[in-house]
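*Asks:* give me coordinates for this.
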Amino acid sequence: MDKKSTLLPMTIIGTLFFIFGFVTWLNGSLIPFLKVICSLDDFEALFVTFAFYIAYTVMALPMAYLLDKIAYKNGMSLGLLMMSVGSLLFIPAALNAEYLLFLLALFTLGSGLTLLQTASNPYIVLVGPIESAAMRISIMGLINKSAGVLAPIIFTVLIFSGLGSVENLSSVEIESLSYKLIVPYSVMAVVLLLLAIFIKFSSLEELEFSEDVYDNSSIFSFPRVILGALALFFYVGIEVIAGDTIGLYAQNLGVQNATALTSYTMVFMVLSYLVGVFFIPKYLSQEKALISSAILGIIFLLGVGFSSTSSDSLSTFLWGWSGVATLPDSVTFVALLGLANALVWPTIWPLALEDLGKHTAKGSALLIISIAGGAVLPLAFGKISLLSGSMQEAYLYGIICYGVILFYALKGHKMRTWCKQC
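*Replies:* Down below sits the predicted model:
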């Protein structure tokens with residue numbers, strides 16, 4: 001690929017990452033919303049994340065083979081088209097307040113995002129030097145999470161404006177609330193369709209790979225890819241738990257406007273991405289950034305598990321001066337997980353994909369499959385919370401996730417073969 005100018009691909013892919021963020025982090029607001037509309041318990045409501053993220057598991061490898069046939073640029077366009085269809089499916093789901101239709105719409109959106117991400121992430125890794133890939137992905141993450149900050153706020157304003165408490169709503173009020181989804185998702189469908197057309201006819205170059213020594217190797221012979229996918233599985237799981245359950249947790253504690261709290265987690269992710277943009281690789285290596293992220297995650301989860309659910313001293317210290325509503329300390333620690341999570345994705349991708357050559361699409365697909373952690377682990381979190389009777393206690397199990405990430409940062413990414421004698 002011509003490296004003379006990265007402005008065009010960075011601008012186009014940046015737009016796509018904004019779309020990723022906006023669509024993905026709407027789920028955090030949809031969970032408490034659909035809990036009311038469809039009369040769900042906490043565990044049932046978390047099937048929102050399952051339906052969305054399981055699409056990555058089911059569709060990633062088929063999408064990788066599809067990319068081999070239609071190439072990356074066409075793959076991005078087709079992914080946007082699939083997402084447009086998924087947005088349109090929200091219309092009959094809202095008209096009927098039918099949870100299964102909502103889940104089908106979310107699965108379709110996730111399938112389109114699978115193709116879109118499998119095609120776009122390698123662009124950012126390969127458009128410049130591998131050593132600064134985490135910096136470029138941090139820029140994309142900054143755009144992505146900025147959309148994540150906006151999405152819950154816009155959703156709350158559009159859907160809940162003029163509505164007080166969502167408790168004890170009449171059937172007429174629930175029906176009216178459900179219908180409010182129709183216009184936003186119709187607009188989203190049109191925007192996604194226009195973007196699909198734009199990408200199709202843009203001058204974005206295709207990725208080209210030369211012959212390499214790995215041409216006859218299986219993708220499963222690369223430990224750094226397989227272990228990277230495992231680390232991303234646990235990372236995406238804990239990222240989704242931090243972003244999508246904070247509203248549910250706060251709602252259970254009686255916090256007002258809980259559907260907007262995903263934005264708090266996203267704000268901290270944006271701050272962490274800024275560190276990646278300005279400090280990687282000049283002052284901070286990709287490896288050290290990953291190690292620091294894992295350690296911070298463990299510290300913050302201990303804060304969630306052992307801090308107060310009534311005191312708001314931590315949030316008062318962090319942003320009380322700004323006039324922003326304060327939160328219980330344990331909820332604030334959930335939001336702070338955004339600081340730990342942001343740089344995991346940008347650092348694992350270049351460490352895993354380095355020197356894969358023509359295996360890049362399959363390596364990318366395996367990393368995309370790992371997004372299934374966002375489907376499986378929040379459900380596990382919900383079940384643990386249900387069985388233990390304490391969502392606060394359930395967060396502590398997330399320490400396992402950061403333990404796996406820490407192993408990859410310290411050793412996993414350095415492995416070139418599965419055994420020393422091989």
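*Asks:* now for the host helix or strand of residue 94, which elements pack on it?
*Replies:* Residue 94 is part of helix 90-96, with elements assigned from DSSP states H and E. Applying 3 or more CB pairs under 8 Å, 6 or more residues apart in numbering; DSSP states H and E, we find helix 90-96 packed against helix 99-126, helix 171-179, helix 182-200. C-beta: built from backbone N, CA, C; applies to glycine.
*Asks:* the last one: what's the following helix or strand?
*Replies:* Read it as helix 182-200. helix 223-244.
*Asks:* CA atoms only for stretch 362-372, dumped as PDB, please.
*Replies:* In PDB, the C-alpha atoms belonging to stretch 362-372 read as follows (Å, rounded to 0.1, in the frame of the first residue of the first chain):
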ATOM      1  CA  LYS A 362      -7.300 -14.600   8.800                       C
ATOM      2  CA  GLY A 363      -5.300 -13.200  11.800                       C
ATOM      3  CA  SER A 364      -7.600 -10.200  11.900                       C
ATOM      4  CA  ALA A 365     -10.700 -12.500  11.700                       C
ATOM      5  CA  LEU A 366      -9.400 -14.500  14.700                       C
ATOM      6  CA  LEU A 367      -8.900 -11.300  16.700                       C
ATOM      7  CA  ILE A 368     -12.400 -10.200  15.600                       C
ATOM      8  CA  ILE A 369     -13.800 -13.600  16.800                       C
ATOM      9  CA  SER A 370     -12.500 -12.700  20.200                       C
ATOM     10  CA  ILE A 371     -15.100  -9.900  20.400                       C
ATOM     11  CA  ALA A 372     -17.400 -12.800  21.400                       C
END
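*Asks:* show me what it is in contact with.
*Replies:* The contact list for stretch 362-372, computed with CB atoms under 8 Å, 6 or more residues apart in numbering, reads 53-54, 56-57, 60-61, 63-64, 114, 117-118, 121-122, 219, 222, 225-226, 228-233, 235-236, 348-349, 352-353, 356.
*Asks:* pick the most buried one from the helices and strands packed on helix 90-96.
*Replies:* Of all the helices and strands packed on helix 90-96, helix 99-126 carries the top mean neighbour count, a mean of 24, counting by mean count of other CB atoms under 10 Å.
*Asks:* for that helix, name the packing helices and strands.
*Replies:* Helix 99-126 packs on helix 7-24, helix 27-37, helix 47-88, helix 90-96, helix 133-160, helix 344-353, helix 360-369, going by 3+ CB pairs under 8 Å, 6+ apart.
*Asks:* which other residues reach the second one?
*Replies:* Outside of helix 27-37, the residues that reach it under the criterion CB under 8 Å, 6+ apart are 40-42, 44-46, 48-49, 52, 97, 99, 102, 106, 151-152, 155-156, 159, 166, 169, 174, 177-178, 240, 243-248, 251, 258-262.
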